[in-house]
Each structure stands twice: as structure tokens, then as C-alpha cells.
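Chemist: I need the structure of the sequence given here:
(one chain, ligands or ions: 1)
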Amino acid sequence: MCYAIPGKIVELDTRSATIEYYGEKKKAYTDLVDVKEGDYVYAQGGFVISKVPEEEALNILKDWQELFFQLQETDRKLSNNPKTIYQRANAVRQKYQGNSCCVHGILEFSNHCSQNCFYCGIRSDNRNISRYRMSVDEILSNVEYAVNKLGFKALVLQSGEDYWYDEEKLTTMIKQIRDNFPSLIFLSIGERDEKTYKRLFEVGARGALIRFETSNRELYSRFKPGSSYDKRIDLIRNLRKIGYLIITGFLVGLPGQKSKEILTDIQLTAELDAEMFSFGPFIPHPQTPLHNTPLPELDTMLNAIAKSRLMSPSAKILVTTALETLDKEKGAREGLMAGANSLMINITPIKYRRLYEIYPNRAGTEDDTQTRIDAVLTLLYSLGRAPTDLGI
Ligand code: SF4
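Modeler: From the prediction side, this is the model:
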């Protein structure tokens, strides 16, 4: 995914490349790959990921051409004449971000967690779930499949806060991926120290998914015992300074959250310079202290997406799996039509995916990855969106 359209480098200024495809120009950094003007490349999230042989690139561009312009036309029609707040947000998305839709693969490689967040099914106190850890080799073979066979160009490697994966193991893993399976690597591994994150950046990680969950300090300390709000926010800021692309956001519907606080959460996400907004409905897990919490309405979520888009026209805004779970029929489509422009596809083997139960009945848990890719492409094409994200 995000793989289909290569571009040609038409200008190169030290490490900043201007990439053109079908007359559109995007900027991307080239610190991951050595390139020159005239090369064809895949880029993702503003980074050049790999070179593409010219003949292969031209063939792909030819195959895509008709569909590419058809999709743009469909998107334009669907974004016309906005009236509701959702339609206005969608029109802003169309104006500032075009029809690109970023599609990351997410690999959940361990459900062990040393933390005990009240809102999470894999919290350390939950003794009722089976725990698993993928070996580094197993992770690499899943990444190989995702990159080489399924065509993913951006991957999120996610786990609980599991220190079995020490700096050395993580470094080996990232280096191997970078050297063998070109892709934009995001880490979602919790509050590691800055030194570890720096090292992982040096060996090739480029993104960090780390949500602050709530901007309400009182709720934060109540529901995330043993963690400091200030420390977490500082870590996110420092990761951005290191150079990481940040995916961050919050939960909607935590007990005690006031509706006006959602706006503060959106503002904080923007202020943290998030490359991608990631916020989902709070779906309670039966084996957690918050098991009785009612679900938020779909409209509350769509409203948060629309407001995020109006506040941050150029952001990527994710349709989270939790939103798809909240409304399996309409969640993803309506999220995309309210201003969102990113999706994630779970590439974790199903036997593990079932155990990564941060909340129950997650959408897509039982679908094989190819089925899910087909469903996502059908949805995106019906809305005039292209699964590509070359740069800015
Ligand atoms: S939310 Fe994250 S840190 Fe908290 S218990 Fe769940 S996996 Fe662990």
C-alpha cells in the first residue's frame, strides 16, 4: 500500500528531492537512499524509500494513469458544494491534501506490557489473556512479506511497553529492515528513553506513534498510574526534535472527559507537530477497571475528525481501527468523508492479532491481510482516493 505510484526526481538540493508524477510535484528527504536527478523512486511520508528501475517505474505509471485521474475527478465531485461541518472538512482535506490517502501496515509484535493503563486490555494486571512475543526473526519475516509481497512502504511496529526488546534487539531489527526491506518505519513501543530512540533513529527508524491519550492531567494520572503526563509530553516533543515523524492523539469517551476537552486534545495534537493525528473512541475492555464505560457516539468521533481537519488543513488524520470497530459498517467511510485521509491495515498474523486485545472485537481481526487490502482499496476507490503519499 502507499506503493503504487513511483515518481521521478526532477530536482535535488543536497538531501531535498523534488519528485514529480503525473505533473504533480512533491518534496521528500533522501537521507535513506542515495539518489540523483532523473532517478525514479518510491517516497513515503516525505522520505525517499527506494529507487525503482526506470522501466518498471514507467510501466507502473502507465498502468496507473487512467485510474489516477479518474480518482481525482471522483474526489473532486464528492467534495463539491459542502454544507455540513463534515462536508466542509472534507472539502478542506481535498483542497490541501488532494486525494492521497496514506495506508500504513501495522505489525503488533508483542502483547506483553509493563504498564497498567486502566483503559487497556493488555495492561499488566490482566492475567486473563495469553501473552505472546514474536522473535526478531519472526518480525523480520513478517516485514519481508509485507514489503516484498504485499507492497507496503510504511510500517508501524507496535508492542506493549515490553522491555524484553532491549535497545540491542530493537537496533538489530531496525537495521535489518532498513538494509533489506525498504520502508518508512514507525515505532510504537511506549516510553523508552531518549537515548534509545536516538539510536533507533540513527539506524533507520523515522516515525514514532506515541499517544498522550488525554490532555486532562487529572484523568491522565488517574488512568495511567505510574506515568507522568509531563514526561510523556516532553518525550513526544523531544522525539520530534530528534527528527521523528510523530503520530499522536487521544481517546474520546474516557470517563470524566468533558466534551470541550476534545478541542483541547485536538489543539495539543496540532501543537505537538503531529505528522498524523491518531485518536479513537474509547472502547472498554471487560477485564479492565473501566469496563462499564459507555461507548461514544459515531457523530462525536466524526465531529472530532472534522474539527481536526478544519484546525489543521495539511495534517494526516487517521481512521483508527477503534473507529471502524465502533461502527463496522460506516465508521471508515464516514471518517474519510469527514476529513480523514489515512488508514492502517493490520499485518499481524491472525493467531497473534486475536491476542492483541487492547479492546474487544477489533475490526478486521479475523480477516486475512489480502482480503483487508482489497476491502480498503475498494473503499478508497469508491471515494476517489489514491493509496499513495509521496511527500509534501
Ligand atoms: S495502553 Fe499501551 S502502555 Fe498502556 S497498558 Fe496498553 S499497551 Fe501498555
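Chemist: For this structure, list the residues in contact with the ligand, please.
Modeler: 113, 115, 117, 120, 122, 123, 160, 161, 190, 358 (C-beta under 6 Å from any ligand atom). (C-beta placed from N, C-alpha, C; glycine too.)
Chemist: Among those residues, which are located in helices?
Modeler: Among the residues of the chain next to the ligand, none falls in helices (DSSP state H).
Chemist: what pLDDT, on average, does the top strand by length along the chain get?
Modeler: Ranked by residue count and defined by DSSP state E, the top strand of the chain is strand 102-110. Taken as a whole, strand 102-110 has a mean pLDDT of 95.
Chemist: Check stretch 20-34 too.
Modeler: Stretch 20-34 comes out at a mean pLDDT of 87.
Chemist: now swap in stretch 283-290 and tell me
Modeler: 98.
Chemist: same check, this time on stretch 305-315
Modeler: Stretch 305-315 comes out at a mean pLDDT of 97.
Chemist: contacting residues around that stretch?
Modeler: Stretch 305-315 has contacts (C-beta atoms under 8 Å, 6 or more residues apart in numbering) with 85-86, 88-90, 92-93, 95-97, 262-263, 266-267, 269-270, 274-277, 279, 317, 335, 338-340, 392.
Chemist: Any quick ChimeraX command for the buried ones out of these?
Modeler: Buried residues among the contacts of stretch 305-315 (16 or more other C-beta atoms under 10 Å), as a ChimeraX selection:
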select :85,86,88,89,90,92,93,97,262,266,269,274,275,276,277,279,317,335,338,339,340
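Chemist: Just the contacts of stretch 305-315: which are in strands?
Modeler: 276, 277, 317.
Chemist: Can you tell me how far residue 279 is from residue 262?
Modeler: Distance check for residue 279 against residue 262: by C-beta to C-beta, to the nearest Å, it reads 9 Å.
Chemist: anything in contact with each of the two?
Modeler: Joint contacts of residue 279 and residue 262 (C-beta under 8 Å, 6+ apart) are 250, 252, 304.
Chemist: which residues touch residue 56?
Modeler: Counting by C-beta under 8 Å, 6+ apart, residue 56 has contacts 6, 40.
Chemist: OK, contacts around the residue of the stretch 251-392 of the chain found nearest the ligand?
Modeler: Here the residue of the stretch 251-392 of the chain nearest the ligand is residue 358; by C-beta to the nearest ligand atom that distance is 5.8 Å. When contacts are counted by C-beta under 8 Å, 6+ apart, residue 358 touches 120, 121, 122, 285.
Chemist: what do you get if the cut-off is 7 Å, keeping everything else the same?
Modeler: 120, 121, 122 (C-beta atoms under 7 Å, 6 or more residues apart in numbering).
Chemist: The second one against residue 357, yeah?
Modeler: Going back to what we said before, that points to residue 121. Yes. In this structure, residue 121 is within contact of residue 357 by C-beta atoms under 7 Å, at 4.5 Å.
Chemist: Tell me the residues that contact both of the two, please.
Modeler: 129, 285.
Chemist: average pLDDT for stretch 127-139?
Modeler: pLDDT averaged over stretch 127-139 gives 97.
Chemist: Contacts for it next, please.
Modeler: Contacts of stretch 127-139 (C-beta under 7 Å, 6+ apart): 107, 109-112, 121-122, 162, 164, 169, 172-173, 287, 352, 355, 357.
Chemist: CA atoms only: put stretch 102-121 into CSV for me.
Modeler: Taking Å, rounded to 0.1, in the frame of the first residue of the first chain, the C-alpha atoms of stretch 102-121 are listed here in CSV:
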residue,chain,number,x,y,z
CYS,A,102,-1.8,7.2,3.5
VAL,A,103,-2.1,3.5,4.2
HIS,A,104,0.4,2.0,6.8
GLY,A,105,0.8,-1.6,7.7
ILE,A,106,0.8,-2.3,11.4
LEU,A,107,2.6,-5.3,13.0
GLU,A,108,1.8,-6.0,16.6
PHE,A,109,4.8,-7.9,17.7
SER,A,110,4.3,-8.4,21.4
ASN,A,111,1.3,-8.0,23.8
HIS,A,112,3.4,-8.0,26.9
CYS,A,113,3.3,-4.7,28.7
SER,A,114,4.9,-3.4,31.9
GLN,A,115,2.3,-0.6,32.2
ASN,A,116,-1.2,-0.8,33.8
CYS,A,117,-3.3,1.7,32.0
PHE,A,118,-6.9,1.5,33.1
TYR,A,119,-8.3,1.8,29.6
CYS,A,120,-6.3,-1.1,28.0
GLY,A,121,-7.0,-4.8,27.8
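Chemist: what comes up buried for that stretch?
Modeler: For stretch 102-121, using 16+ other C-beta under 10 Å, the buried residues are 102-113, 115-121.
Chemist: Please apply the same query to stretch 298-307.
Modeler: Going by 16+ other C-beta under 10 Å, stretch 298-307 has these buried residues: 298, 301, 302, 303, 304, 305, 306, 307.
Chemist: can these go into a markdown table with extra columns for secondary structure and distance to residue 64?
Modeler: Listed next are the buried residues of stretch 298-307 as a markdown table, based on DSSP: H, G, I helix; E, B strand; the rest coil; distance: C-beta to C-beta, whole Å:
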| residue | secondary structure | distance to residue 64 |
| --- | --- | --- |
| 298 | helix | 33 |
| 301 | helix | 32 |
| 302 | helix | 31 |
| 303 | helix | 35 |
| 304 | helix | 33 |
| 305 | helix | 28 |
| 306 | helix | 30 |
| 307 | helix | 34 |
